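Enquirer: This is the structure alone, sequence omitted:
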């Protein structure tokens, strides 16, 4: 089937049409974007410049998680910032497809890397004596490669099926970004089969990774059943940051993509995890982790000393 789209651009309704609200959104989105990119890049630079952190698989995964957060955030937010300055918010057909691909690529890869980090937590708590043997660098590289590959396959499937849909009007989307549900509503053909395939793809990557996460933490909790309260506290403190990040990402994802669309009309709730999750992830890992905070302080002091020398 060849793409028969007659639409060359889409028009977003956006979050608000009120000029005053749009100005506020511009300031908020811009500040949040700067804070998110800077905080995630700071984590990546800190890990790369700290041999003690870079030598730990957990922080190796964290560096890639921050990279994916920055990529996911950049897939949507710059366009949202620019759109908040204009009354008419347009995006080309190709731009819409690129945004859809990038969002699902980084989002899918992030889910998989979080699942890999859950496995890391499981080995740390349940098999500590065998940790260095099980979580070796070869496995770390393979898991990161699987996350990128999985994200790419998930996203390319979305694009392949969405690209088959003919969009011949209307082209006004009551949303602030290109995503599955809004686009399916405006296809001028029967979208039952293609729509089912597209939605199933998103639901599967959410459900499979979420089930693997639940399995990992279920095994962890089962292995801790004979431990004292202090043992529980120490063990779970190892993965509390990861659990927080999982909740921030998967709860909105499940409501948006797994929840039946007919009973969940609040598409714009996506702004919560698009804006907040990439911003909160680095804060969660730094505020709750003394090693990361100490490493950031050392890197910062080194940069200041280098700057003073110049």
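Expert: Looks like it arrived, so ask away. All values derive from a computational prediction rather than experimental measurement.
Enquirer: show me the contacts for the residue nearest to the spatial centre of the chain.
Expert: Nearest residue to the geometric centre of the chain (C-alpha atoms, centre = their mean): residue 107, 4.1 Å. Residues in contact with residue 107 (C-beta atoms under 8 Å, 6 or more residues apart in numbering) are 72, 151, 253. Using the backbone N, CA and C atoms, a C-beta is placed for each residue, glycine as well.
Enquirer: So which of those residues belong to helices?
Expert: Using DSSP state H, the members of the contacts of residue 107 that fall in helices are 72, 151, 253.
Enquirer: secondary structure element for the nearest residue to the last one once chain neighbours are set aside?
Expert: Spatially, and ignoring its direct neighbours in sequence, residue 253 is nearest to residue 206 (5.0 Å; C-beta to C-beta, 6 or more residues apart in numbering). When elements are assigned from DSSP states H and E, residue 206 belongs to helix 192-223.
Enquirer: Name the residues of that helix that are buried.
Expert: Buried residues in helix 192-223, counted by 16 or more other C-beta atoms under 10 Å: 194-195, 197-199, 201-202, 205-207, 209-210, 212-213, 216-217, 220.
Enquirer: sorry, back to before: export the contacts of residue 107 to CSV and tack on pLDDT, distance to residue 6 and neighbour count?
Expert: As requested, these are arranged in CSV below (pLDDT from 0 to 100; distance: C-beta to C-beta, whole Å; neighbours: other C-beta atoms under 10 Å):
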residue, pLDDT, distance to residue 6, neighbour count
72, 89, 31, 26
151, 93, 31, 24
253, 75, 32, 24
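Enquirer: From those residues, pick the one nearest residue 181.
Expert: Nearest to residue 181 among those: residue 253, at 13.2 Å, using C-beta to C-beta.
Enquirer: how near is that closest one to residue 69?
Expert: Using C-beta to C-beta, to the nearest Å, we find residue 253 at a distance of 14 Å from residue 69.
Enquirer: which residues of the protein fall in helices?
Expert: For the chain, helices defined by DSSP H occupy the ranges 19-48, 51-54, 57-83, 93-126, 131-134, 137-163, 180-185, 192-223, 229-237, 240-253, 270-287, 290-309.
Enquirer: a markdown table for the ones you listed, including distance to residue 171?
Expert: Converted to a markdown table, the helices of the chain look like this (distance: least, C-beta to C-beta, whole Å):
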| stretch | distance to residue 171 |
| --- | --- |
| helix 19-48 | 21 |
| helix 51-54 | 48 |
| helix 57-83 | 15 |
| helix 93-126 | 9 |
| helix 131-134 | 52 |
| helix 137-163 | 15 |
| helix 180-185 | 11 |
| helix 192-223 | 18 |
| helix 229-237 | 50 |
| helix 240-253 | 27 |
| helix 270-287 | 20 |
| helix 290-309 | 46 |
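Enquirer: Of all these, which one is nearest residue 9?
Expert: Nearest to residue 9, of all the helices of the chain, is helix 93-126, at 6.3 Å by C-beta to C-beta.
Enquirer: from the chain's centre, how far out does the closest one sit?
Expert: Offset of helix 93-126 from its chain centre (C-alpha atoms, centre = their mean, to the nearest Å): 6 Å.
Enquirer: Which of the helices and strands in the protein ranks last by mean pLDDT?
Expert: helix 229-237 (a mean of 70; mean pLDDT, DSSP states H and E).
Enquirer: what residue ranges in the stretch 1-150 of the chain score low on pLDDT?
Expert: 1-5 (pLDDT under 70).
Enquirer: Skipping its backbone neighbours, what lies nearest residue 114 in space?
Expert: Counting by C-beta to C-beta, 6+ apart, residue 246 is the residue found nearest to residue 114 once chain neighbours are left out, at 5.7 Å.
Enquirer: er, residue 201 actually
Expert: residue 157 (5.1 Å).
Enquirer: List the residues that contact the nearest residue to residue 143 once chain neighbours are set aside.
Expert: Distances taken as C-beta to C-beta, 6+ apart put residue 116 closest to residue 143, at 4.1 Å, once the chain neighbours are dropped. Residue 116 sits next to 61, 143-144, 146-147 when contact means C-beta under 8 Å, 6+ apart.
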